[in-house]
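>>> quick one: sequence plus predicted model below, questions after.
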Amino acid sequence: MSNILRDAVVDPARDALPFLVITVLWVIVMLVLYGLFLVTKPSDITYDAWVHATVFVVPAIGFLGQVLQQALSGHHRT
């Protein structure tokens, strides 16, 4: 494999792997908590869409923050 390909694809993918694992685990935990929230809420109570959407905001902010950090760092291994 050429050094250019490794620098452009393999190294960033390897650097991003721990973040992706943490993000997937966080999304799973949030979905489980969201499911418990839906199952245990009283039937006579309804929530607006923004209440349900907030479940997914935290992982999205974390993901966008990591993408921004990777974009701003822009350094390559030598």
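All right, it came through fine. Residues are numbered from 1 along each chain as shown.

>>> buried residues in the lengthiest helix in the chain?
For the chain, the helix with the greatest residue count under DSSP state H is helix 11-40. Going by neighbour count (16 or more other Cβ atoms under 10 Å), the buried part of helix 11-40 is Phe19, Thr23, Val27. Any C-beta I mention is one placed from the backbone N, CA and C, and that applies to glycine too.

>>> from the chain's centre, how far out does the helix or strand of the chain with the lowest mean pLDDT sit?
Of all helical and strand segments in the chain, the minimum by mean pLDDT, DSSP states H and E falls on helix 3-5, at a mean of 73. Centroid separation between helix 3-5 and its chain, computed with Cα atoms, centre = their mean, to the nearest Å, is 27 Å.

>>> over to stretch 61-78?
For stretch 61-78, the distance from its own C-alpha centre to the chain's C-alpha centre is 13 Å (Cα atoms, centre = their mean).

>>> I'd like the mean pLDDT over it, please.
For stretch 61-78, the mean pLDDT works out to 71.

>>> other SSEs contacting the longest helix of the chain?
Counting contacts by 3 or more Cβ pairs under 8 Å, 6 or more residues apart in numbering; DSSP states H and E, helix 11-40 packs against helix 49-73.

>>> for the helix it packs on, packing partners?
Secondary structure elements in contact with helix 49-73, counted by 3+ Cβ pairs under 8 Å, 6+ apart, are helix 11-40.

>>> residues near Val9, how many?
11 (other Cβ atoms under 10 Å).

>>> so where's the protein shaky on pLDDT?
For the chain, the stretches with pLDDT under 70 are 1, 6, 74-78.

>>> can you do 80?
Of all residues in the chain, those with pLDDT under 80 make up the ranges 1-16, 18-20, 22-23, 26, 55-56, 58-60, 62-63, 66-67, 69-78.
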